[in-house]
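Chemist: Give me a model of this one.
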Amino acid sequence: MKAFKYLIIYLLIIQLLLPGVVPLEFVYCYRIDYALVKDNSADIDVILDQIQRQIKKQDLQDYIIILGDSVAHSGPGPADQSVGARLQEYYRQQGRDRPVFNLAMPAMQVGDIYTMLLKLDEHGISTDNLIINVIYAGFAERNPGPSTVFWLQKDLARLDPASFDHIEAQLQASGSLPREEPAQKLNKLITQRLEVYRYKDFIKADLQKRMGTNRKAENGLGDPRPWYEKEGLKKLLDTPDYHNAFAVKPFDMSSRNPQIYFLNKIIEHQRHKETLVFMAAVNPELMPQVNQPGYQANLQAVRNYFAAHSVRYIDFHGSIDQSRFSDHVHLIGPGYSLVARRLGEDFSAGEKQL
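Modeler: You can find the predicted model right below:
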């Protein structure tokens, strides 16, 4: 009985102290660890908790949040060559200590980005300085997929039920709406309140790293070589899914398009805040349709949309040499460095205009 009491006391101490003693680097370094988080999206809240603690501890007022998909995440290269890391380095070179928190994730859709803004609000993390990436495929017709909210459906249902109801049919049609049994919901409700359980994935990853066991490294996602060194890449991209994603069919730029619906939500959320949106470039050697009139008309329609909403926007199409691509949209280190520098210059220029 005495030992049981000591165990309870020990667990209570861990419950109270664990979040406060864990350094930010334990759960986040330059970007979200996709290899870890992809199996448990609840880990995102742990990362946000620690970022919020860092902001509060250091009384940070001037920091940037990056949201987007695998391009902003900067796969398939290492974290220290990502857009977030290079952007932070750019500001250091300018003599400005400005933290950059890169919360982008591969496969993150525009509905996830909107939901992340709501989650940042919930965690007390400012979005006053925000960079978002979009891709051409996000505006294309969904037949019925991909899902417009890939990772954070449950969070959207909780934080904005009306928006969830609006796009629930699309989520169901795309087959991305997970079902949970009542017992599973109850189990998660209990365990997600236990700090040891919440941090278990990070603790496990740290132990595996220290022991040198074969955990798939976060820096090892994908092949970071240039596209022209990869055999079979052109064949891989010559499939209906990729053809549909980069089709030249005119975009529906009304709110009937889930992409526009959520972009409208994002723009409204960011009103009177510093926001920069950038369109990922596409490798013309692998996607020759980028030169077709229909494709270019769609790019212009996107430019017109952001201009009409007075949102600062950069389209990287045509500004990145094909040698800096890792595939059709992802880049190698020098390519991400170029993107980061342009983002830094444009973001700073926009601030000076205010």
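
Chemist: most centrally placed residue in this protein?
Modeler: residue 104 (1.8 Å; C-alpha atoms, centre = their mean).

Chemist: Does it touch residue 79 like I think?
Modeler: No: counting by C-beta atoms under 8 Å, residue 104 stays clear of residue 79, with 11.7 Å between them. No exception for glycine: its C-beta is placed from N, CA and C like everyone else's.

Chemist: Residues that sit against both of these two, list them.
Modeler: Counting by C-beta atoms under 8 Å, 6 or more residues apart in numbering, the shared contacts of residue 104 and residue 79 are residue 31.

Chemist: show me where the stretch 251-354 of the chain has strands.
Modeler: Assigned by DSSP state E, counting those that start in this stretch, the strands in the stretch 251-354 of the chain fall at 274-279, 312-315.

Chemist: which one of those lies closest to residue 195?
Modeler: Closest of these to residue 195 is strand 274-279, at 33.7 Å (criterion: C-beta to C-beta).

Chemist: Which residues outside that closest one are in contact with it?
Modeler: Strand 274-279 is contacted by residues 128-136, 267, 299, 302, 306, 311-317, 339, 343, 346-347, 350-351, 354 when judged by C-beta under 8 Å, 6+ apart.

Chemist: Swap in 7 Å and give it another go.
Modeler: With C-beta atoms under 7 Å, 6 or more residues apart in numbering as the contact definition, strand 274-279 has outside contacts at 128-134, 302, 306, 311-317, 343, 346-347, 350-351.

Chemist: now stretch 109-122
Modeler: 48, 65, 67-68, 103, 127, 132, 138, 146-152, 155-156, 159-160, 167, 258-259, 262-263, 265-266, 269.

Chemist: make it 6 Å
Modeler: Contacts of stretch 109-122 with the rest of the structure, by C-beta atoms under 6 Å, 6 or more residues apart in numbering, involve 67, 127, 138, 148-152, 155-156, 159, 259, 262, 265-266, 269.

Chemist: Put the alpha carbons of that stretch into PDB.
Modeler: Extracted C-alpha coordinates of stretch 109-122, given in PDB (Å, rounded to 0.1, in the frame of the first residue of the first chain):
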ATOM      1  CA  GLN A 109      -4.400  20.500 -47.200                       C
ATOM      2  CA  VAL A 110      -5.900  24.000 -47.100                       C
ATOM      3  CA  GLY A 111      -8.500  22.800 -44.600                       C
ATOM      4  CA  ASP A 112      -5.700  21.600 -42.300                       C
ATOM      5  CA  ILE A 113      -4.000  25.000 -42.600                       C
ATOM      6  CA  TYR A 114      -7.200  26.800 -41.600                       C
ATOM      7  CA  THR A 115      -7.600  24.300 -38.700                       C
ATOM      8  CA  MET A 116      -4.000  24.900 -37.600                       C
ATOM      9  CA  LEU A 117      -4.800  28.600 -37.400                       C
ATOM     10  CA  LEU A 118      -7.600  27.800 -35.000                       C
ATOM     11  CA  LYS A 119      -5.300  25.400 -33.000                       C
ATOM     12  CA  LEU A 120      -2.700  28.200 -32.800                       C
ATOM     13  CA  ASP A 121      -5.300  30.500 -31.400                       C
ATOM     14  CA  GLU A 122      -6.300  27.900 -28.900                       C
END
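
Chemist: can you give me the mean pLDDT across that stretch?
Modeler: The average pLDDT within stretch 109-122 is 98.

Chemist: Report the contact partners of residue 46.
Modeler: Taking C-beta under 6 Å, 6+ apart as the test, what residue 46 contacts is 27, 198.

Chemist: ok, now with 10 Å
Modeler: Contact analysis of residue 46 by C-beta atoms under 10 Å, 6 or more residues apart in numbering lists 19, 22, 26-28, 37, 40, 192, 195, 198-202.

Chemist: Could you list the buried residues of the helix or strand that it is a member of?
Modeler: Secondary structure from DSSP states H and E places residue 46 in helix 43-58. Across helix 43-58, burial judged by 16 or more other C-beta atoms under 10 Å covers 43, 44, 46, 47, 48, 49, 50, 51, 53, 54, 55.

Chemist: between the residues you listed, which is nearest residue 244?
Modeler: residue 44 (29.1 Å).

Chemist: What's the local residue count around the residue nearest to the closest one when sequence neighbours are not counted?
Modeler: Once flanking residues are discounted, residue 44 sits nearest to residue 37: 6.1 Å by C-beta to C-beta, 6 or more residues apart in numbering. Residue 37 is flanked by 20 other residues according to other C-beta atoms under 10 Å.

Chemist: how near is residue 37 to residue 73?
Modeler: Distance check for residue 37 against residue 73: by C-beta to C-beta, to the nearest Å, it reads 11 Å.

Chemist: Fine, thanks again, bye for now.
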